[in-house]
Each structure stands twice: as C-alpha cells, then as structure tokens.
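In: one predicted model, sequence on top.
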Amino acid sequence: MNEDSQKTILLGNEAIVQGALAAGAQFVATYPGTPASEIGNEFAKIAKNNDQLYFEFSTNEKLAIEAVIGASFSGLKCLCAMKNFGLNVASDSLLPFLYTGSKGPTVLVVADDPSCHSSAQSEENSRGFAQLAHIPILEPSDSQECLDFIKLGFEISEKFSLPVMVRLTTRVAHQRSTVELGKFTPRSDPRAAEFTPNKHQFVTMPPRVLEMHQELLDKIERVREFAEKSEINQLSGANNKIGIIVSGVGYLHAMEALQTLGLDLPILKLGFFYPLPEQKIKDFIKPLQKVLIVEELDPYLEKEITALAKEANPELKIFGKAVLPEVGELKPEQVIRALAVLVGAKLPVELANFKTIKHNPRFCTTPVCPYWKVFAALKKAAPEGTIFGGDIGCYMIAGFAPMQVYDYMFCMGSSIGIGHGIAKAVAGKQKVITFMGDGTFFHSGMPALLNAVYNQSNILAIIVDNRITAMTGHQLNPGMGENAEAGTVAEVKIEEIVRSLGVKAENLKVIDPVDDFNGLVSAIQEFYNKNEVSVIIARRVCALLEKINAKKL
Amino acid sequence: MQKNFNIVILGVGGQGLMTLLKILSEAAFSAGLDVKTSELHGLSQRGGSVSVYIRFGEKVWSPLVPQGQANLIIALEQQEALNGLYFANPETVFLVNQYETPTMAQTASQAEVETELKKMSQQVCFLPASELCQKQLASEVVSGVYLLGYALNNDYLPLKKESVIEAIKKTMPEKYWELNLKALELK
C-alpha cells in the first residue's frame, strides 16, 4: 500500500471488508459460499484477538442473519455476508427483519454468480428479493465502489432503520482493482451493547404486523427520495438522442463499449437497484429516442423503465434483452455489439467456432484427496441400478465426467431430503445412497436426516467428513473443535448427532476410507439391504488441510 | 490515448494462476497504471479449466478482456491455449507451457494446438516451463513465474523487471522469494 495516497489494489471482497471496518462494523456473521467466501476469511483473520469486533462462521445463512438481527436489536453495527443461495436459506428471517427494521445499522452482502462459475443449482439473480423483501439494494461495479457502497449502506441503514443489501456478482467480488482507502470511523465498544426490550418494534405478531408492513412501505418511499438525490445514481456523458442505463459490472462493460466505439453518450449508472430513483430515470429518458439498458440476467430494470417510459416518453425505443443475453454473465464484446446496433456502427465480424478444450474439475491428486477412495468403494460395493444423490461441496466433483455419479443434485442439504422422497415413492424397489459433507450436514442435513428417520425411510446416507468446510477455502465448522473467536471449543461429533436423530447404533458406522477401504466396501454392501435409514461416516481429513497442518508443525 | 495492455492467463485450477495475477497487478500498480483483474475461486480451482484476466493502462474499464483484444496469452497447460483463441488477434503473443493434463473428452496434441494457434497468430512460443522448473528448481508450481520472466526478457510484457521483483516480494511470504526470483531469471 502506498501510504501517502492510501491507494492500494484490492479484491472486491477485500474492499467489502475494508468498507465495513471503515464504517465501524462491530458484529459480523457469515456462511461461506463462493463468490462471497473471502469476506469471512478476511474477517476471521482480523477478528481473532480483537475485542472490538465479533466474528462468526455461523452454521448456515439463516443462523448468520439471525445472529446479526439479534446483535442489531442490541444496538451493534452489523454485517452479514453470503452467496445468492444462502439468501434463500436466510430469507425466512430476512423478510420480518424489514418489518421490524434494524436498530444497530446493518448491511447484508449477497454475491451472485452469473454463468455459475462456482455454483450448481441455478443462475439465481438476488435482485428479485427487492420486490419480495422490500430491502434497499445497492450494486457496486468495482472494488472502490465495494468499499464506498458498504459505508453508504451503513449510513442508509442508520438513517432509515432498515437493513440494506449490497449485491455483488462474481466479476465484482473477484475483481482486483485500485482503491483509495477512506477514513476509519472509530468503533464504539461492542461490550456496551444492551438489548432494550421494545415489543412494539421486535415482535411481529398480528395485528401489529400489518402496521409494520405499512411502515415498511412508507420507509421505502423515503429511501426513494434519498435515492433520487444520491450521487451513486450517477449521470455522465454528452447530450445525445441515444442513452444508456446501467447497473453493476454492466457499467464497466458499457464504458468499455463507448471507448471502443469512440462514442460519448449520456449514461445513467444506477447504484441503487431498489428503490429506483424513478424521477431521475424519467428525466433521463425524456429527451432520448433510444436507450440501451445494460443489466445481467433478468430484465428487472428494463421492465421498470418500460413502465416509466409510458408516462415520461412513450415514443422511446428501449433496447435490453432484445440485444443482450438473459442467460450467462455479460461480456464486454456483447455490450460493444449491442451499442453498435443502437448507433448503427459497423463492426468487423469476429471469428467464431474456435476449437476449445474443457478440463473438468476433479478431486485433488497432489496430495491425494480421500474422496477418491470413497467413490472407488462405491463403485465396488453398490449394485447397478442404485440411485445416487449428490449435494454441495467438494464431493460434487463426482458429478462431472468421467465419474458422473449423481442421479440428482440440488441445493445444500437436499440429497437426503430428496432421497427420502424417492425412497418412499419407489417403496423398496430401488435403493438410494446419498452423499453429503460435514459442513453441509451441519448446515441443513440434520433436519433432513431427522425427517427421513421419523418418516421411516431406508436411504443410506454417506457423510463424507473431511474435517473442514473445504470447497470454499477451508472455513471452520462445528466438527473441528475450533471457532473463529475463541479458538478451541468442544468438538461436535457427527455420529452423536446421527444417533440423537434416531439412527440406530447397528445402522451407523464411522470408517476411514483410506486406512480401511475394505471396511468401507463391506459397510456399503451390508447397509445396502437395510430397511431403515443407515449412515456411514467416511471420516478422513482433507488432504490439502493435512498438508497445510503438517507445514505448520 | 495509449491502449490498455490485456493479458489472458489460462490453465487448470491449482497451477498458481491467482498468484500470477497478484504479481502482475501489483507490478502494474506500482508503475502508476490503472489495473483491473478478474479471477475465479471455488469450484474453478479444483483442477478444471480456468481463465483469468488482467488489464492495465491509463484507464481500464471492464475487468474482462474483450474478444480478440488480448496482447499476451499465457497458457500454463498447452491444450488450454486453445481457449485463448477467442481473445486473440494476429498480433497476439502466445506463451505456452509444454505441460499436459489429460482431459476426459477430446485431447489435442502439441502439434494440433500449434496448428490451431498459428491460424490466428505467428507469435506462438511453446516452452518446457514445468519441466525446466522441476529440473532446475525442483518445483513445477513456479512455471508461471518462469513464463513471466520469459515474457519480460523478450519484451512481450510492458513492465519493468524490477517492479515484477518488487511485486513478488510484496505478494509472497519471504520464504518463497528466492525460489520465485530464481524462476523469473531461469534461462
């Protein structure tokens, strides 16, 4: 870092952390998920032995946001971070949090992954939660804005007593760019936090809940007035009959396009996605003949602007998803071509149809991942016709060629839940074997296993316990006997949870897949014929972690 | 205005692509240039195809290199060089590590890769980076740094070697300096 100018280069996620520190955040909770994972890793480093900042890896996103809600109610400045799918998990608690509002200012960071670089499941666009939860949403486009928008998010939250969401995408969260660090707000002492009972604000019972709904809608209109004047809804460029409206990383592609085509056009960059500065947009589109709307995935802005144009400029020609894709992340050349269509510029035809190559992800080979052994045992032991359920973690790699093990794969914790449904439906005609890691079991596997036991399923659940949350970059979980704040804590044993959830002792085995490969093969064979839920915990530390730990000694 | 310099680095997860980006971004930043990178973490780091980008110059907008705009393409795995064609033009320099990780579907030999690349650009260098680093330094993982050194020595990279050395020192723990600096100077 250059000390004089305070300028440095940061990853978007690192800038998020710097923004939170600059704003004086006191309480941070997260569940790791790419592309948001580095936020927690950075905080974990900073929070250790720091009594001004509390940090936890919660066991799932709903629990992360609930921890933050509790801390906000107690007056602390809070940040919560997760990936898009985490927001689905957290949403049950998020929606009422908008009704109660925040007490301590609270910012929620959500990272989407257009093009699913590090995601299975769906190409979710979290902007949809704006309408569902009525949560103000800010969209940064580079690392500087990551820092600035987090600080602004805290200001907005403080001003309106509402949680504020900062929505990232992969190309923002994992973009390294220059950042000017700001002044740091001194943190007030988190130990001074106190929960002052306020049933009127914190209890969402009817009929009060309906009043709260109205209060929320009123607050949002006040935030909209704020957004109308906010400088993050930024106007630039020369006057012209053709204009551009952009959000998020689309802004950077649009500026690239203007530069490439040598154009200077009016551009409205929306830092606020919700609530939208409607008057500002109307004023912008009024003198235009054509407008290009550059946004990734669903045409949310396009629909809103189409509605606003009916009043402000019915003749306006709106170009959005007609010239840009709705699936996959935006690429600069797509925006260049789209803009060329609007202005009637001729572009050289780019060559296409290059020969390409695809390396599928695979389990680590140096050092050798213990999961190789698990799936080798499976191949040996499981008869043809077995149904395999996958889940979210490193072991999902077995879904890629050449293994292509899984017959279904959805979201965190779902392998057991869906497997149970299949088992009940096929009533003993086919066997289901599910795979889930230790982190995912703690996240959402436990209720699924309870349901399968309670409703008398006969699935075989293999819990691949590599003693850490590995895929997202080695975050702590309850099975490790360690947390981010205290260091050593009591280790939670998965086999004890499994027993407590009702799995019988004779239907449970803990096996090291490397040291006792044959034992794993015969356990799968034995449990295959069980008419009750059975569980094998294949426990072997992640080979990468083992290597890192060995280096530390 | 001077055009930005665009680099695409291709390889498979675990080959140290992110480290190269860090070194390059610090080196360009210390030269007073605007810099943007785009990297990939998570699933993409588990041995699968990865492409990352770095752009530097007076003012960089998009973090992604637009199609056909790469000045330099570094492939740490030779078949991955094919994925660079999308970003290449006839002026693009390809530096390709003669190292191969098998793919499951189709594979391409060095000759095939070379033929495809040369349809686009004549500036294609295949280099035994992994082999050389393994033999001379007993470490394959620095082959990317070796390729950076090669690019600097041949004026394929408009940065000063001193700023790259400084960037290595800034982005890595001291115990790795010697190895990486040796890789940078390896001939």
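Out: Cool, the structure landed.

In: does stretch B:65-80 come close to chain A?
Out: Yes. Contact of stretch B:65-80 with chain A (Cβ under 8 Å from any Cβ of the partner chain) involves B:65-68, B:77, B:79-80. For glycine as for every other residue, the C-beta is placed from the backbone atoms N, C-alpha and C.

In: turn those residues into TSV, including secondary structure, distance to B:Glu131 and neighbour count.
Out: Converted to TSV, the residues of stretch B:65-80 next to chain A look like this (DSSP: H, G, I helix; E, B strand; the rest coil; distance: Cβ to Cβ, whole Å; neighbours: other Cβ atoms under 10 Å in any protein chain shown):
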residue	secondary structure	distance to B:Glu131	neighbour count
B:Val65	coil	29	27
B:Pro66	coil	34	23
B:Gln67	coil	32	19
B:Gly68	coil	32	18
B:Glu77	coil	13	23
B:Gln79	helix	16	28
B:Glu80	helix	17	31
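
In: identify the residues contacting residue 9.
Out: Reading this off chain A. With contact taken as Cβ atoms under 8 Å, 6 or more residues apart in numbering or on different chains, A:Ile9 is in contact with A:143, A:176-179, B:25-26, B:29, B:35.

In: should've been chain B
Out: B:17, B:20-21, B:51-54, B:73-76, B:144.

In: in strands only, show me these.
Out: With strands taken from DSSP state E, the overlap with the contacts of B:Ile9 comprises B:51-54, B:73-75.

In: of those, closest to A:Lys7?
Out: Distance to A:Lys7, by Cβ to Cβ, is smallest for B:Ile54 among the ones in strands among the contacts of B:Ile9, at 17.7 Å.

In: that closest one bridge partners, please.
Out: Legend: beta-bridge partners of B:Ile54 under DSSP bridges are B:Ile7, B:Thr37.

In: residue boundaries of the strands in chain B?
Out: Counting by DSSP E, the strands of chain B are B:5-12, B:34-38, B:49-57, B:72-75, B:93-97, B:124-127.

In: just put those strands in JSON lines and tack on mean pLDDT.
Out: Putting the strands of chain B into JSON lines (pLDDT from 0 to 100) gives the following:
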{"stretch": "strand B:5-12", "mean pLDDT": "96"}
{"stretch": "strand B:34-38", "mean pLDDT": "97"}
{"stretch": "strand B:49-57", "mean pLDDT": "96"}
{"stretch": "strand B:72-75", "mean pLDDT": "98"}
{"stretch": "strand B:93-97", "mean pLDDT": "98"}
{"stretch": "strand B:124-127", "mean pLDDT": "98"}
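
In: between those strands, which one is closest to A:Ile69.
Out: Closest to A:Ile69 of the strands of chain B is strand B:34-38 (Cβ to Cβ; 33.9 Å).

In: contacting residues around the closest one?
Out: Residues outside strand B:34-38 that contact it (Cβ under 8 Å, 6+ apart) are A:9, A:142, A:171, A:174-178, A:252, B:21, B:24-25, B:28-29, B:52-64.

In: of those residues, just the buried ones, PyMOL syntax please.
Out: Here is the PyMOL command that selects the buried residues among those (16 or more other Cβ atoms under 10 Å in any protein chain shown):
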select buried, (chain A and resi 9+142+171+174+175+176+177+178+252) or (chain B and resi 21+24+25+28+29+52+53+54+55+56+57+60+61+62+63+64)
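
In: from the contacts of strand B:34-38, which ones fall inside helices?
Out: A:171, A:252, B:21, B:24-25, B:28-29 (DSSP state H).

In: which of those residues lies closest to A:Lys552?
Out: Nearest to A:Lys552 among these, with distances taken as Cβ to Cβ, is B:Leu21, at 26.0 Å.

In: touching, the closest one and B:Leu40? I think so.
Out: No. B:Leu21 lies out of contact with B:Leu40 (Cβ atoms under 8 Å); the separation is 10.3 Å.

In: what sits in contact with each of those two?
Out: B:Val52.

In: A:Glu311 - nearest residue in space that isn't next to it in sequence?
Out: A:Lys282 (7.0 Å; Cβ to Cβ, 6 or more residues apart in numbering or on different chains).
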